[in-house]
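Asker: with the sequence up front, the predicted model follows.
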Amino acid sequence: MNTKNLLVIIIVVLALVIMFQNTQITTVNLLLWEISMSTILLIVLMLAIGFALGYLISSISAGKDR
């Protein structure tokens, strides 16, 4: 197992621990909208957006190197 895989596993485990400790309902104000959702769902949504942006930026910067 290389270092990159180990780091990903550690991040996933920490994210799961944080998510399952935060099960209460929270309200998010986004401009004019007020959305109530579970904190777990909010964390998963933010992680997915972060991973997607990271992948997108990585693929764009890899394309510039060619």
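Answerer: Thanks, I have the structure now.
Asker: how about the host helix or strand of V8, which residues are buried there?
Answerer: Assigned by DSSP states H and E, V8 belongs to helix 3-21. For helix 3-21, burial by neighbour count (16 or more other C-beta atoms under 10 Å) applies to M19. Backbone N, C-alpha and C define where each C-beta goes, glycine included.
Asker: so for the following helix or strand past it, mean pLDDT?
Answerer: Per DSSP H and E, the first helix or strand lying C-terminal to helix 3-21 is strand 25-30. Averaged across strand 25-30, pLDDT comes to 90.
Asker: downstream of strand 25-30, the next helix or strand is which one?
Answerer: Moving toward the C-terminus from strand 25-30, the next helix or strand (DSSP H and E) is strand 33-38.
Asker: got the contact list for V8?
Answerer: Residues near V8 by C-beta atoms under 8 Å, 6 or more residues apart in numbering: none.
Asker: now it: how far from N22?
Answerer: Distance of V8 to N22, given as C-beta to C-beta, to the nearest Å: 22 Å.
Asker: what's the nearest residue to the most centrally placed residue in the chain if we skip its chain neighbours?
Answerer: What sits nearest the mean C-alpha location of the chain, by C-alpha atoms, centre = their mean, is L47, with 0.7 Å. The shortest distance from L47 to any non-neighbouring residue, by C-beta to C-beta, 6 or more residues apart in numbering, is to A15 (6.1 Å).
Asker: if we can go back for a sec, report the angle between the helix holding V8 and strand 33-38.
Answerer: Here helix 3-21 runs at an angle of 100 degrees relative to strand 33-38 (axes from the mean of the first three to the mean of the last three C-alpha atoms, to 10 degrees).
Asker: next, the buried residues of whichever helix or strand the residue nearest to the centre of the chain is part of.
Answerer: Assigned by DSSP H and E, L47 falls within helix 39-64. Under the neighbour-count criterion of 16+ other C-beta under 10 Å, helix 39-64 has T39, I40, L42, I43 buried.
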